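Peer 1: Sequence plus the predicted model coming up.
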Amino acid sequence: MRGKILILFFVSIISTFSNVLNAGDSHELQLITEEWAPYNYLDGKKISGFSVEVVRAVMEELGDDYPVQVYPAARGILMLDNMPNIMNFSIFRTPERESKYKWIGPLSDDAVFFYKRKYEPRIFSSINDIKSVNAVSVPASGVILSYVEKQGITRLTKSQKKEHQLTLLLKGRVDLFIGVTPLGLSYYLKKINAPADSVVKTQVKLLRFPLYIACSKEIPDSVIDKWQSALNKVKSSGRYQQIYNKYLLNRH
């Protein structure tokens, strides 16, 4: 009897130790993002979005299943700067950030263009053409507004909400709109119940928009390499394009 108790005791100890190790492994990486539609956003209590689906496809390729947590952007960067196990997406890979983190990606490599109404007859092929209009609808703050202003475009109508920006364009109160990628345009047109083809892209590109997974520098290179390889497989398999088309065609 005493022998059985000892055996059960040691089995319990080994089992507990194993569970602790497994728990440590399962929390070795912490995946976080911010709420930024259509790339990552909360749909009720569910985290959805283009980047979220791509990251989940990568984890499926790896046989992993880490939860994704949503935090405000500033807190996410703070976690990335101070914790050893963070993978934060979708993040701009800028020269200032290059050496601070390890990188996996790109998750997306869209560009931001100026958009016009579907039946607008004017052709816009240069920044000078953009400068000739009466008004351009732009975000009230942020990187896109900064880039627009650097181009010397001064006739701007600023708004915090993308829905309001698009409504101004569709009602003819501004001539052009800028503020989103093609995926973002699709998302917000759906949100305001406007036809997917009611707004069309001009030839004028403001900037490229590559988004990455930014990783704590303490994460081993072997892990970064495995994730990059899995992302490459997701792209080459056609799965990536399926996800992209889903969001581009308003099916999210």
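Peer 2: It's in. Numbers count the residues shown, from 1 in each chain.
Peer 1: Can I get stretch 139-154 as CSV, trimmed to CA atoms?
Peer 2: Only the C-alpha atoms of stretch 139-154 are listed here, as CSV (Å, rounded to 0.1, in the frame of the first residue of the first chain):
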residue,chain,number,x,y,z
PRO,A,139,-7.4,61.6,-42.4
ALA,A,140,-7.3,64.3,-39.7
SER,A,141,-4.0,63.0,-38.4
GLY,A,142,-1.3,60.3,-38.9
VAL,A,143,1.2,59.2,-41.5
ILE,A,144,-1.0,59.6,-44.6
LEU,A,145,-1.9,63.2,-43.8
SER,A,146,1.8,63.9,-43.2
TYR,A,147,2.8,62.4,-46.6
VAL,A,148,0.0,64.3,-48.4
GLU,A,149,1.1,67.6,-46.8
LYS,A,150,4.8,66.9,-47.8
GLN,A,151,3.7,66.6,-51.4
GLY,A,152,2.5,70.3,-51.2
ILE,A,153,-1.2,69.4,-51.5
THR,A,154,-3.0,72.1,-49.5
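Peer 1: Any stretches of the stretch 101-250 of the chain with poor pLDDT?
Peer 2: Of all residues in the stretch 101-250 of the chain, none has pLDDT under 70.
Peer 1: Would you state the strands of it in chain order?
Peer 2: Secondary structure of the stretch 101-250 of the chain (DSSP state E, counting those that start in this stretch): strands at 102-117, 136-139, 156-159, 176-177, 199-215.
Peer 1: Pick the most deeply packed of these.
Peer 2: strand 176-177 (a mean of 27; mean count of other Cβ atoms under 10 Å). Where you see a C-beta, it was placed from the backbone N, CA and C, and this is true even at glycine.
Peer 1: So which of the strands of the stretch 101-250 of the chain is nearest Thr33?
Peer 2: strand 199-215 (9.4 Å; Cβ to Cβ).
Peer 1: Pull up the pairing partners for the closest one, direction included.
Peer 2: Counting by DSSP bridges, the strands paired with strand 199-215 are strand 86-92 (antiparallel), strand 102-117 (antiparallel).
Peer 1: Tabulate those strands in CSV, adding columns for distance to Phe124.
Peer 2: Below are those laid out as CSV (distance: least, Cβ to Cβ, whole Å):
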stretch, distance to Phe124
strand 86-92, 26
strand 102-117, 6
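Peer 1: These: which one's closest to Val52?
Peer 2: strand 86-92 (8.3 Å).
Peer 1: list the buried ones in that closest one?
Peer 2: 86-91 (16 or more other Cβ atoms under 10 Å).
Peer 1: outside of that strand, which residues touch it?
Peer 2: 29-33, 36, 39-40, 51, 55, 76-77, 79-80, 97, 101, 104, 107-108, 143, 210-216, 219, 227 (Cβ atoms under 8 Å, 6 or more residues apart in numbering).
Peer 1: Try it again at 6 Å.
Peer 2: 29-33, 39, 51, 76, 79-80, 107, 211-216 (Cβ atoms under 6 Å, 6 or more residues apart in numbering).
Peer 1: do the same with stretch 220-233
Peer 2: 58, 61-62, 102, 104.
Peer 1: Max pairwise distance over the residues you listed: which two?
Peer 2: Glu61 and Lys102 (18.9 Å).
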